[in-house]
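Participant: compute the structure for the input listed below.
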Amino acid sequence: MANVQKRPNDKWCARYRDLDGKEHARHFDRKLDAQRRLDEVTAGVITGQYVDPRAGSITFAKYAERWQGSLIASEAGERITDNALRLHLVPALGVRSLVAIRRNDIQMLFKHLSDQLAPGSVRNVYDVPVRLMTAAVDDKGHRCQSVPPDHPSGHAGRGGQPAHRRAGRGDGACDAALHPRGRRRARWFRLAHR
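Facilitator: Residues are numbered from 1 along each chain as shown. So this is what the prediction gives:
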């Protein structure tokens, strides 16, 4: 439950519990500001938009380790993911928090990788942060941006179209990264979850 209390130092304390039951508190000079904060948090929880204030502070390396441990993939897929994380992504992004990673950071990394690796290898490595960041966004506990699923070099993927075009969405959404039949699965998902 959320509440606003006046403290002995004439500050107002806004307290609430998050979805995991952890208590959070912030202090304000005015009661109005404290109540406004609680209203924002409550609206976020009700609408499913709530993000833990400390979310995203987890490092890329820690989240990648946890994500990789829960990954369901073939043996070859696990090997590709492990190589991409161990050799390329964790050394470049590992110590940074998920919140601090920007689209430009990913683009610069893959521009550098495209000078060193074959296009197919770059595509395999690029698929890993797409899936990882999509999972972090879907967890709703991490404030990071998803990475667009089209290949960083601009080359078309299978079928002669960039991945986001094959998925039927031109806004950089990660449907194609979530499911090989991206468009059909997304349509089914919307219909089944109305």
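Participant: show me where this protein has strands.
Facilitator: 3-6, 12-17, 23-28 (DSSP state E).
Participant: give me the low-pLDDT residue ranges for this protein?
Facilitator: 1, 51-56, 140-194 (pLDDT under 70).
Participant: select the longest helix from this structure.
Facilitator: helix 119-138 (DSSP state H).
Participant: what packs against that one?
Facilitator: helix 60-70, helix 75-83, helix 103-116, helix 175-178 (3 or more CB pairs under 8 Å, 6 or more residues apart in numbering; DSSP states H and E). Just so you know, the C-beta spots here come from the backbone N, C-alpha and C atoms, and that holds for glycine as well.
Participant: buried ones in that helix?
Facilitator: 121-137 (16 or more other CB atoms under 10 Å).
Participant: not counting sequence-adjacent ones, nearest residue to Ala64?
Facilitator: Leaving aside its chain neighbours, Ala64 sits nearest to Leu85 (5.3 Å; criterion: CB to CB, 6 or more residues apart in numbering).
Participant: for Lys31, same thing?
Facilitator: According to CB to CB, 6+ apart, the nearest residue to Lys31 is Trp12 (4.8 Å).
Participant: list the contacts of that neighbour.
Facilitator: 4-6, 27-31, 33-34 (CB atoms under 8 Å, 6 or more residues apart in numbering).
Participant: run through the bridge partners of it.
Facilitator: In this entry, Trp12 is beta-bridged to Lys6, Phe28, by DSSP bridges.
Participant: just send the strands of the chain back as TSV, with distance to Gly77 too.
Facilitator: Output for the strands of the chain, formatted as TSV (distance: least, CB to CB, whole Å):
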stretch	distance to Gly77
strand 3-6	48
strand 12-17	39
strand 23-28	38
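Participant: check those for me and report the most buried one.
Facilitator: For the strands of the chain, the largest average neighbour count (mean count of other CB atoms under 10 Å) is found in strand 12-17, namely a mean of 17.
Participant: output that one as CSV - backbone C-alpha positions only.
Facilitator: This file holds the C-alpha atoms of strand 12-17, laid out as CSV (Å, rounded to 0.1, in the frame of the first residue of the first chain):
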residue,chain,number,x,y,z
TRP,A,12,7.0,14.6,3.4
CYS,A,13,7.7,10.9,2.9
ALA,A,14,6.1,9.0,0.0
ARG,A,15,6.2,5.3,0.6
TYR,A,16,5.1,2.4,-1.6
ARG,A,17,5.8,-1.3,-2.2
